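*Asks:* I would like the atomic coordinates for the input below:
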Amino acid sequence: MPPKRPNDSRQPDELTGRERKKQKTAVARTIAVQPAAGPSNANNNAIAGSSKSVRFDSMKGLPGALNVERFAESRAFEINAMHEAMQNARATSTQRAWQQLPRHLRRRAASHDVRRVPLRLRDKALAEMDPARRKALGRSMPKRSKKNQPTRTSQLLGRQKDKTWLETHIWHAKRMHMENMWGYRLATTPTEKSFRPSHRASVHGSILHDASYHATIELQGPEDILRSILDNCCDCQGPGPGTKRFLTGARALETYIYAYGSYPHNLIAPATILWRVSSADAGKGKGKETSTSAITSSGKTRLVWIRVHPSVIVEAHQTLRLASSSVLDAAKDAGRIEQVEMADLREEFNVFEIMGPKASQVLQGALKPVDDKRTEFKRFWASLNKIQSAGSIPRGMIIGFTVQDPRLSFPPKNAKVEVAGGTSLSPASTVFPSAELAESQLWDEDARIGLRRPRYKKKDIDQRRSNNLVPGTPLKAERKDNRIPVLLIQRSVENGAFSNTRLPSSRTTNSMHGWTLIIPQGWGMPFFSSLTHTGTRVGGQRERQTQAFEAGCTYFPRDFPTTEAYVQYAQDRETDERETWERKPPAKRPNFSKLGIRSPWQPDWSVVLGLESQDGAPEAQPERTGEEFMDAQRDVNMSDATAPTPTSKKGMVRPWLLRGADVPTIVADLSSMLNPSPGLLVHVNQCRTKRKLDPLRSDVRAEDLMQSALVQVGIVPLGRGCPDDLAVIYRMEDEEARKWTKAAALKNDGLTILSDSPDETELSNVPPSLDNVIGYVTTGSFSLSLGEGHAVGAVPFTRYLELGKQAERLRNGSKLLVKVRNRDETICRAAQVELLY
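*Replies:* Okay, the predicted model is just below:
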């Protein structure tokens, strides 16, 4: 055969690289054969060939029994030859050592650092490495003596001087992007592409989030004193903390904390309130009563937990201390001396949020309760594998129980959903919140202190598991093994406004349901390992925010303007985005001045509310006269209460957020009034009176209260378009709104081409006026559950009422139309507004 290339000087009998590789592979796959006893010139390796004919009488003469040991000894050569051939074939494979790992265990550094490869493949990786690189890895610094070597614990603690790590930090740091937030080092997003899989897991499977960074404040004192403290600080709308359904400890209350006595101003943050079950509510025969359930001369001593966001822990502490001092002073004036103990329980618990329809089955597979004699708990635990979603459980239901060490039953197995046939009642309908079911030893501080360090380390558990005769057999709990008390709380991410919306079914958001698991300090990784081994995904801050966005809910702090946490969040975002914008050349970044965006980095809420002019100067307030709504003020019995005034130091009226369960009623009542300002003041004072608070001070004007109110809205585009963060919301004139309504109707009917009226494209190019800005989008993106753009924003309350009157004039029903424009675009899209509360 002539050479392929003219300058090929290879000898005819010399093998090419391809042929040498094939020969090497063939030699590696050859199985050695034991040579015969006599002299023979035959090859000692097995030769492939056709099978010999089978004789049907070949079974004759075989023994009836076989000695396995002697048979293995006689075939030792063949067994060793097969084993060596398998090893040689594996060693000559075309894959590198780090390529043999599953995709979720691969590391980029493993291709050049053998220490990134698991131990079983480390020798092969070292053999594959270049000699020069291997020598460089072997070179190290001179070793210190054992006495001078720092321990691993001291090294890790030294990295937490300016921040705090969660117990699951190392697991997250290997798989997620980490950032410093609120004094913690938290996971933001997974390193792998997981945006859509995380959403699918929250809708069809389960997703886990470590929420141990949330702060817990404990209050202990007489029940009536604690109720007065919470009534002075919590939202005045809806059920209060002293309601019977929450006071028994069977349910958790989702509410909002305000500065002491300043409702509706000075909103701090959302909060979750949990009452400890008292001995009288839990029933008799539950053991000795602790000091927290002792009966004193002034009433029952109770314990309550308030869980808040870590960014507002200082404000929450100050508010609760001020409220406690005021309530205790009032009790002292009445001749009653009491005391209230406040404790900061940060880092006392590990909190895991498990969302999705399979969250109940994940918990049932990972947790093994100890023998519980409570009939209600047995009924509840048996119903977990029969419910298809935690949404069928009563909202905020609390279940307290004790579980075995999850490492004893590792690896866990998910329970399967059992769909019951027939017309029988749902299993969840037979389980109701009760004080007996919510009782748990997790409230006992002595019990938590005793469980801070597990009695057995992981290596001790593994040693016990290796002693089992049958591998994989779950370990049996012994008397010395730890029993861990836990709290399980039903959690729902939903919005009542969107659940009752009149939008078409294709535009309604999906509620998400799951559980909140609270365990003691020191048990984060044992529980976390069992929960993640069930196949549930793990999410960071982005995934948690996405859950609220897909459910059509607001998320703290990014969707709560007028709060201190939102101001800090907006400033941090402005710094990051401005630096990114300035690093780009002018031709590669949007020119906001030419686009007509007056506030591209953070919303100017004071300008939108009319409290400031566009140049930053305060608006001139009209002089007060004695004829301004004096009758309405006399009817509500205005008095000089201790509540602070809503005016700031500059004399401006401070913006405040109107939200709560009574907002739809307030909107319905004020919409029919010619002058709604006094009506809003009456509603606010009625809410304050319901919590035994004094009405607002007499210097609070109804017009100022009405002008400075913001409401949160959900925005859904009528057609095309996807609102982004900080998009501008404009109002429309009646004529333009009629054109948009007609264009949307023609598009739905497919008659756009046959009509001469302007279509959506022409109307989108109409430039808006800066005078028509009525709000901003706080969160906007493409919604995977809706299949289109969706946003959450805020507009002034007066503007929202005007949109309702415009809809009545245009006879659009409940469609409140606005225009939305992204800050880096010139196109304005029409959108529909829905009230959030």
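*Asks:* any idea how far Glu494 is from the nearest residue to Gly356 once chain neighbours are set aside?
*Replies:* Excluding its sequence neighbours, the residue lying closest to Gly356 (CB to CB, 6 or more residues apart in numbering) is Ser206, at 3.7 Å. In this view, the C-beta of every residue, glycine as well, is placed from N, C-alpha and C. According to CB to CB, to the nearest Å, Ser206 stands 17 Å off from Glu494.
*Asks:* those two: which has the busier surroundings?
*Replies:* Neighbours per residue, other CB atoms under 10 Å: of Ser206 and Glu494, the larger number sits with Ser206, 24 against 18.
*Asks:* dump the residue contacts of the more buried one.
*Replies:* Ile354, Met355, Gly356, Pro357, Lys358, Ala359, Gln361, Val362, Gly514, Thr534, Thr536, Arg537 (CB atoms under 8 Å, 6 or more residues apart in numbering).
*Asks:* next: Tyr566.
*Replies:* Pro557, Arg558, Phe560.
*Asks:* can you classify it by secondary structure?
*Replies:* helix (DSSP: H, G, I helix; E, B strand; the rest coil).
*Asks:* Lys805 versus that one, what's the distance?
*Replies:* On the measure of CB to CB, Tyr566 and Lys805 end up 29 Å apart.
*Asks:* what do you get for Glu315?
*Replies:* Taken as CB to CB, the span from Glu315 to Lys805 is 37 Å.
*Asks:* comparing the two, which residue is more hemmed in?
*Replies:* Taking other CB under 10 Å, Glu315 and Lys805 do not tie; Glu315 has more neighbours (18 against 11).
*Asks:* got the contact list for the helix or strand in which that one is found?
*Replies:* Following DSSP states H and E, one finds Glu315 within helix 313-333. By CB under 8 Å, 6+ apart, the residues outside helix 313-333 that reach it are 215, 217, 219, 225, 228-229, 232-233, 257-261, 268-269, 271, 306, 308, 337-340, 342, 344, 346, 564, 642.
*Asks:* for the stretch 351-500 of the chain, which residues score under the pLDDT cut-off?
*Replies:* 419-429, 496-500 (pLDDT under 70).
*Asks:* would you list every one of the helices in it?
*Replies:* Secondary structure of the stretch 351-500 of the chain (DSSP state H, counting those that start in this stretch): helices at 359-366, 375-383, 435-438, 445-450, 458-466, 496-499.
*Asks:* figure out which of those is closest to Glu834.
*Replies:* helix 496-499 (6.0 Å; CB to CB).
*Asks:* the helix or strand in which Leu705 is found - contacts with which helices or strands?
*Replies:* Element membership of Leu705, judged by DSSP H and E, is helix 702-707. If you count contacts as 3 or more CB pairs under 8 Å, 6 or more residues apart in numbering; DSSP states H and E, helix 702-707 packs onto helix 676-690, helix 797-810.
*Asks:* which of these sits most buried?
*Replies:* helix 676-690 (a mean of 20; mean count of other CB atoms under 10 Å).
*Asks:* measure how that one sits relative to helix 797-810, angle-wise.
*Replies:* If you take axes from the mean of the first three to the mean of the last three CA atoms, to 10 degrees, helix 676-690 sits at 120 degrees to helix 797-810.
*Asks:* just the C-alphas of helix 676-690, formatted as PDB.
*Replies:* Once non-C-alpha atoms are left out, helix 676-690 reads as follows in PDB (Å, rounded to 0.1, in the frame of the first residue of the first chain):
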ATOM      1  CA  PRO A 676     -62.600  59.500  50.700                       C
ATOM      2  CA  SER A 677     -59.900  61.100  53.000                       C
ATOM      3  CA  PRO A 678     -62.100  61.300  56.100                       C
ATOM      4  CA  GLY A 679     -63.400  57.800  55.500                       C
ATOM      5  CA  LEU A 680     -59.800  56.400  55.400                       C
ATOM      6  CA  LEU A 681     -59.100  58.200  58.700                       C
ATOM      7  CA  VAL A 682     -62.200  56.600  60.200                       C
ATOM      8  CA  HIS A 683     -61.200  53.100  59.100                       C
ATOM      9  CA  VAL A 684     -57.700  53.500  60.500                       C
ATOM     10  CA  ASN A 685     -59.000  54.600  63.800                       C
ATOM     11  CA  GLN A 686     -61.500  51.800  63.900                       C
ATOM     12  CA  CYS A 687     -58.700  49.300  63.400                       C
ATOM     13  CA  ARG A 688     -56.700  50.900  66.200                       C
ATOM     14  CA  THR A 689     -59.700  50.900  68.500                       C
ATOM     15  CA  LYS A 690     -60.100  47.200  67.900                       C
END
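*Asks:* and that helix, what's its mean pLDDT?
*Replies:* Averaged over helix 676-690, pLDDT sits at 93.
*Asks:* could you report the pLDDT at Arg185?
*Replies:* In this prediction, Arg185 has a pLDDT value of 96.
*Asks:* what bridges to it?
*Replies:* Using DSSP bridges, the bridge partners assigned to Arg185 are Asn180.
*Asks:* quick one: it and Lys161 touch, right?
*Replies:* No: using CB atoms under 8 Å, Arg185 is not in contact with Lys161, being 11.5 Å away.
*Asks:* quick one: which of these two has more around it?
*Replies:* Arg185 (19 against 6).
*Asks:* quick one: the more buried one and His177, what's the gap?
*Replies:* Arg185 is 11 Å from His177, by CB to CB.
*Asks:* thinking again about what came up before, just the buried residues out of the contacts of helix 313-333, in ChimeraX syntax.
*Replies:* In ChimeraX, this line selects whichever of the contacts of helix 313-333 come out buried by 16 or more other CB atoms under 10 Å:
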select :215,217,219,225,228,229,232,233,257,258,259,260,261,268,269,271,306,308,338,340,346,564
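*Asks:* among the contacts of helix 313-333, which ones are in helices?
*Replies:* In helices, defined here by DSSP state H, the members of these are Ile225, Ser228, Ile229, Asn232, Cys233, Glu564.
*Asks:* tell me the pLDDT at Phe56?
*Replies:* Looking at Phe56, its pLDDT reads 56.
*Asks:* over to the one 3 residues further on?
*Replies:* Each residue has a pLDDT score; the one for Met59 is 67.
*Asks:* winner for burial among the helices of the stretch 351-500 of the chain?
*Replies:* For the helices of the stretch 351-500 of the chain, the highest mean count by mean count of other CB under 10 Å goes to helix 359-366, at a mean of 26.
*Asks:* elements contacting it?
*Replies:* Counting contacts by 3+ CB pairs under 8 Å, 6+ apart, helix 359-366 packs against strand 512-520, helix 524-533.
*Asks:* got these as CSV, with distance to Glu192 columns?
*Replies:* Listed next are the helices and strands packed on helix 359-366 as CSV, based on distance: least, CB to CB, whole Å:
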stretch, distance to Glu192
strand 512-520, 22
helix 524-533, 14
